[in-house]
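**Student:** Okay, predicted coordinates and the sequence, questions at the end:
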Amino acid sequence: MDSVLITGANRSIGLETAKQLSEKGLFVYLGSRDLQKGEEVVKELTQNGFQNIKAIQIDVTNAQSVLEAKNLIENEHGKLDILINNAGILGDVPQDSSTTPVENIQNVFDTNFFGVIRVTQTFLELLKKSKNPRISNITSGLGSLTLHSDPAWKYYAIKAVSYVSSKTALNAFTVTLAYELKDLGFKVNAIDPGYTATDFNHHSGPGSVESASSFIIKHTLTDENGPTGKFFSNDIEDESEESPW
């Protein structure tokens, strides 16, 4: 049975992704910074008929926490097939470039950018043991510099420096990582689930968590001929679903 780790999965899009992957027959490690909250979620899921989901404590900003999660999965499964780097924060608002304290920007980067690198580098050893390793970095359309330079783009006015910059940096990491691993069978992609109604944005987004999660899974469970080093967005109204960088 293939295994998947989803960080930040005790609510919203991460939780729905865990549910849908469980239904597809994968063993899901539901990553939660607070283990108790994660276990409460898994208990409820189990009562509702979901199987093969286990809560695992992982704080992406804490190296020891990440290492302990890696050791647990290694002891139980020996490998990891899919890593979905979903954990992310918005940060304090407003986020004007001229006034936002550097410390606030660093705090967002520690989760959204450095946290992804920390988790990915720690789990690469287990991912390399998989026949079809997949890494999906959950990003945002707000990370696209091309779209941010287009006054006609519907989200052009959203210029939140901490969040936007962290997602642009994450996209760059995705490109470089995909290139490095391209000859090892890895598929590494940046996936934007679209502007979704979640606690993250006070449920202001028009999209549903079901649609967002289905989109993530579609571009994660790809075959050996699937793309790597791409940026897919659920908000792109194009058959390719590719977003400009």
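**Tutor:** Yes, it's here.
**Student:** Tell me where this protein has helices.
**Tutor:** Secondary structure of the chain, counting by DSSP state H: helices at 12-23, 35-47, 63-77, 102-112, 114-127, 145-148, 161-181, 209-218.
**Student:** And the shortest one, what's buried?
**Tutor:** Judged by neighbour count (16 or more other C-beta atoms under 10 Å), helix 145-148 contains these buried residues: 147-148. (Each C-beta comes from the backbone N, C-alpha and C, glycine too.)
**Student:** Contacts made by it with the rest, please.
**Tutor:** With contacts defined as C-beta atoms under 8 Å, 6 or more residues apart in numbering, helix 145-148 is touched by 141-142, 153, 155-156, 159, 164, 168, 243-245.
**Student:** do that again at 10 Å, thanks
**Tutor:** 141-142, 153-156, 158-159, 164, 168, 171-172, 231, 233, 235-236, 243-245 (C-beta atoms under 10 Å, 6 or more residues apart in numbering).
**Student:** Narrow those to those that are buried.
**Tutor:** 141-142, 164, 168, 171, 231, 233, 235-236, 243, 245.
**Student:** Serialize those residues to JSON lines and add fields for pLDDT.
**Tutor:** Formatted as JSON lines, these follow (pLDDT from 0 to 100):
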{"residue": "Gly141", "pLDDT": "97"}
{"residue": "Leu142", "pLDDT": "97"}
{"residue": "Val164", "pLDDT": "98"}
{"residue": "Thr168", "pLDDT": "98"}
{"residue": "Asn171", "pLDDT": "98"}
{"residue": "Phe231", "pLDDT": "98"}
{"residue": "Ser233", "pLDDT": "98"}
{"residue": "Asp235", "pLDDT": "94"}
{"residue": "Ile236", "pLDDT": "92"}
{"residue": "Ser243", "pLDDT": "98"}
{"residue": "Trp245", "pLDDT": "97"}
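**Student:** and which of those residues is nearest Asn104?
**Tutor:** The nearest member of these to Asn104, counting by C-beta to C-beta, is Val164 at 13.2 Å.
**Student:** Could I get the contacting residues of the closest one?
**Tutor:** Contacts of Val164 (C-beta under 10 Å, 6+ apart): 95, 97, 108, 140, 142-145, 148, 158.
**Student:** what's the answer for Asp96, then?
**Tutor:** Applying C-beta under 10 Å, 6+ apart, the residues near Asp96 are 159-161.
**Student:** Identify each buried residue in stretch 55-74, please.
**Tutor:** 55-60, 65-66, 69-70, 73.
**Student:** ok, so of these, who is nearest Val102?
**Tutor:** Once C-beta to C-beta is applied, the member of these that ends up nearest Val102 is Val60, at 20.6 Å.
**Student:** can you count the residues close to the closest residue in space to that closest one that isn't next to it in sequence?
**Tutor:** Spatial nearest neighbour of Val60, chain neighbours left out: Gly115 (3.2 Å); criterion: C-beta to C-beta, 6 or more residues apart in numbering. Look at Gly115: counted by other C-beta atoms under 10 Å, it has 25 neighbours.
**Student:** so who does Gly115 touch?
**Tutor:** 7-8, 58-62, 66, 85, 87-89, 109, 166, 170.
**Student:** What of Thr7?
**Tutor:** 14, 29-33, 56, 58-60, 66, 69, 83-88, 111, 115-116, 119, 138.
**Student:** ditto for Asp92
**Tutor:** Asp92 touches 100-101, 103-105, 107-108, 160, 162, counting by C-beta under 10 Å, 6+ apart.
**Student:** how close does Asn137 sit to Asp81?
**Tutor:** Distance check for Asn137 against Asp81: by C-beta to C-beta, to the nearest Å, it reads 16 Å.
**Student:** same thing with Asp183?
**Tutor:** Taking C-beta to C-beta, one finds Asp183 at 18 Å from Asp81.
**Student:** Looking at those two now, which is surrounded by more residues?
**Tutor:** Asp81 (20 against 7).
**Student:** Nice, that's everything, thank you.
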